[in-house]
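A.B. asks: make a model of this:
(one chain, ligands or ions: 2)
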Amino acid sequence: MAKYRIAWLPGDGIGVDVLDAAKIVLDHLSLDAEILPGDIGWEFWRTEGDPLPQRTIDLLHQVDAALFGAITSKPSDSAEAELIPELQGKHLVYRSPIVRMRQLFDLYICLRPCKSYAGNPLNYKENIDIVVFRENTEDLYSGVEFAPVSEEISKLLATYSPNFSPFQGLAGDQFAISCKINTRLASQRIVRAAFEFARNHQRQKVTVIHKANVVRASDGLFLQAAREVAKDYPEIQCEETNVDAICMWLLKNPHNYDVLVAPNLYGDIISDLCAQMVGGLGFGCSGNIGEKLAVFEPTHGSAPKYAGQYKVNPIATILSVKMMLDWLGEAEKAKRLEAAVAEVIAEGKVRTYDMGGSHSTLEMAQAIAEKL
Ligand code: IPM
Ligand code: MG
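C.D. replies: Ligands and ions are numbered 1, 2, ... in the order given. Have a look, this model is predicted:
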């Protein structure tokens, strides 16, 4: 029996291209792993009414880790139209399978390292090395939403918000509600994960991102939880910054930042900003990490217009494989893989279109594999 079991979830569009690239480097690393393909994505929504079928959930219960490519999501009106005729009119609700995986398996850490590799023509500045810890299960992703809003909830809101009345007296379909729900437990554990990382990797500072001056209840709780946890790490500087301000400061002085920790939606936004500073979509890698399972994925989407062309940059996915190796405890292989990526970037001989070259997805993977 192989040492590890890895669920293989290419999904839609270029998810397939980049996972083929990942396979090339994994094969060169001779990881003792059983690769178990799983169904996920638009095709299963269209034909089964569920982009994350139960058999894939069952598979995820049986593996050590998963590698996930990308998913195509469309607005609900066009989604309904694409269902096979037998499923149309059934009032199925499309929910993002990646968000579902995060919640179902309590993958509470979204870890997104953003590092500039020397020689990358897409670097915003050299020597950026920021690690984003994004809460991954709640906040505005709680999934508690109302549209239309029932009369009961509308009345309840009026009693809680007597000073704000624009929505009072509106019909239920004239406004919509998405609940931002933050719990103390989830806030504490993501902040603790960030501080533990800082301690174990000799990082100097953790920046807590919030908007507690306005979103007093939920971000207030997040900030309070962060302050409590920070006390256990006196050797690490803890800084608090509003989410709007940090967007400005990150661009101005990226070298002032080290480890960032944020509630779910701010973390989503900030991690795209940080990824762009180190090369953009082709370089944004990510891990969704829980106690028992972790799902690794490039941060980019499925880019349908490039699907099957083997054109896109696989480095985001290959760096996600590096993260998976670390999570599995294969630190030496992880280190070798990252060094190979850094070497190929520094040499500049093999470059995909985003880097100004014309090499294919698989040629890039092959070049990295040959350095291993
Ligand atoms: C990400 C993505 C997802 C998210 C989408 C695809 C649901 O933007 O992983 O950052 O919002 O979390
Ligand atoms: Mg995102």
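A.B. asks: residues from the stretch 201-350 of the chain in reach of ligand 1?
C.D. replies: 268, 299 (Cβ under 6 Å from any ligand atom). From N, CA and C alone the C-beta is placed, and that goes for glycine too.
A.B. asks: show me what residue of the stretch 201-350 of the chain gets nearest to ligand 1.
C.D. replies: Here the residue of the stretch 201-350 of the chain nearest ligand 1 is residue 268; by Cβ to the nearest ligand atom that distance is 4.8 Å.
A.B. asks: residue 320 should be in a strand, yeah?
C.D. replies: No: secondary structure of residue 320 (DSSP: H, G, I helix; E, B strand; the rest coil): helix, not part of a strand.
A.B. asks: measure it to residue 248 for me?
C.D. replies: To residue 248, residue 320 is 29 Å away according to Cβ to Cβ, to the nearest Å.
A.B. asks: which of these two has more residues huddled nearby?
C.D. replies: Between residue 320 and residue 248, residue 320 has the larger neighbour count (other Cβ atoms under 10 Å), namely 26 against 10.
A.B. asks: how far away is that one from residue 367?
C.D. replies: 18 Å.
A.B. asks: what number of residues lie near residue 123?
C.D. replies: For residue 123, the count of nearby residues is 18 (other Cβ under 10 Å).
A.B. asks: contact partners for it?
C.D. replies: 116-117, 277-279 (Cβ atoms under 8 Å, 6 or more residues apart in numbering).
A.B. asks: let's go with 10 Å and repeat that
C.D. replies: Counting by Cβ atoms under 10 Å, 6 or more residues apart in numbering, residue 123 makes contact with 115-117, 277-279, 283, 345.
A.B. asks: got it, and residue 101?
C.D. replies: Residue 101 touches 9, 40, 52, 56-57, 60, 66, 68, 107, 136, 288, 290, 293, 295, 297, counting by Cβ under 10 Å, 6+ apart.
A.B. asks: residue 73 contacts residue 100, correct?
C.D. replies: No: checked against Cβ atoms under 10 Å, the pair residue 73 and residue 100 is beyond contact range at 11.8 Å.
A.B. asks: residue ranges of the helices in the stretch 251-372 of the chain, please?
C.D. replies: Listed in chain order, the helices of the stretch 251-372 of the chain (DSSP state H, counting those that start in this stretch) span 264-277, 315-328, 331-347, 361-370.
A.B. asks: what's the most buried one of those helices?
C.D. replies: Of all those, helix 315-328 carries the top mean neighbour count, a mean of 25, counting by mean count of other Cβ atoms under 10 Å.
A.B. asks: packing partners of that one?
C.D. replies: Applying 3 or more Cβ pairs under 10 Å, 6 or more residues apart in numbering; DSSP states H and E, one finds that helix 315-328 contacts strand 4-11, helix 14-29, strand 65-70, strand 109-115, strand 285-289, strand 294-298, helix 331-347, helix 361-370.
A.B. asks: domain map for this structure?
C.D. replies: 1-113+284-372, 129-139+181-277, 145-178 (automatic domain parsing).
A.B. asks: next, format those domains as TSV and append mean pLDDT.
C.D. replies: Below are the domains of the chain laid out as TSV (pLDDT from 0 to 100):
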stretch	mean pLDDT
domain 1-113+284-372	96
domain 129-139+181-277	98
domain 145-178	80
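A.B. asks: dump those to a markdown table, plus distance to residue 122.
C.D. replies: What follows is these, written out as a markdown table (distance: least, Cβ to Cβ, whole Å):
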| stretch | distance to residue 122 |
| --- | --- |
| domain 1-113+284-372 | 6 |
| domain 129-139+181-277 | 9 |
| domain 145-178 | 34 |
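A.B. asks: and the closest residue to residue 212 other than its chain neighbours, how close does it get to residue 225?
C.D. replies: Ranked by Cβ to Cβ, 6 or more residues apart in numbering and with sequence neighbours excluded, the top spatial neighbour of residue 212 is residue 219, at 4.1 Å. Applying Cβ to Cβ, the value for residue 219 to residue 225 is 11 Å.
A.B. asks: shared neighbours of the two, anything?
C.D. replies: Residues touching both residue 219 and residue 225 by Cβ under 10 Å, 6+ apart: 182, 187.
A.B. asks: contact partners for whichever residue of the stretch 1-150 of the chain sits closest to ligand 1?
C.D. replies: Closest residue of the stretch 1-150 of the chain to ligand 1, Cβ to the nearest ligand atom: residue 96 (4.1 Å). Neighbour list for residue 96: 51-52, 71, 73, 102, 141, 143 [criterion: Cβ under 10 Å, 6+ apart].
A.B. asks: done for today, thanks.
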